[in-house]
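Asker: dropping a prediction and its sequence here:
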Amino acid sequence: MSDPAAGGERRTNLPLRSIFPAACEALRPFFDGANQWEGQSHDHLAYQTLKEHFPELTSQDVFIVVATTRRLFASGKFPPIV
């Protein structure tokens, strides 16, 4: 891992970072507040959809993308549409 103070890249999973915008777009419907059942989110469907769209992702990568996307939408910082 590079030193962020020195201006280097601190992220080590660059392939996951490269697909993240497209993954966020695929997950957008599952974290939209208007698309809930009885106040419950569609997280279980988000995991399944991500595995279908990106079969090369490991289970850990899928978890990371879903968790990060959930946090982005909950904070109101929607990722840009690709």
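Answerer: Arrived safely, thanks for sending.
Asker: so who does the residue nearest to the spatial centre of the chain touch?
Answerer: Geometric centre of the chain, nearest residue: residue 65, 3.1 Å, by CA atoms, centre = their mean. Counting by CB atoms under 8 Å, 6 or more residues apart in numbering, residue 65 makes contact with 16, 20, 23-24, 27, 50, 57. For glycine as for every other residue, the C-beta is placed from the backbone atoms N, C-alpha and C.
Asker: return the closest of the residues you listed with respect to residue 75.
Answerer: Nearest to residue 75 among the contacts of residue 65 is residue 24, at 13.0 Å by CB to CB.
Asker: and the next element down the chain from whichever helix or strand residue 50 is part of?
Answerer: Element membership for residue 50 (DSSP states H and E) is helix 43-53. Downstream of helix 43-53, the next assigned helix or strand under DSSP H and E is helix 59-75.
Asker: now that following helix, how far from the centre of its chain.
Answerer: Helix 59-75 sits 4 Å away from the centroid of its parent chain (CA atoms, centre = their mean, to the nearest Å).
Asker: flag every buried residue along that helix.
Answerer: For helix 59-75, a neighbour-count test (16 or more other CB atoms under 10 Å) marks 61-62, 64-66, 68-70, 72-73 as buried.
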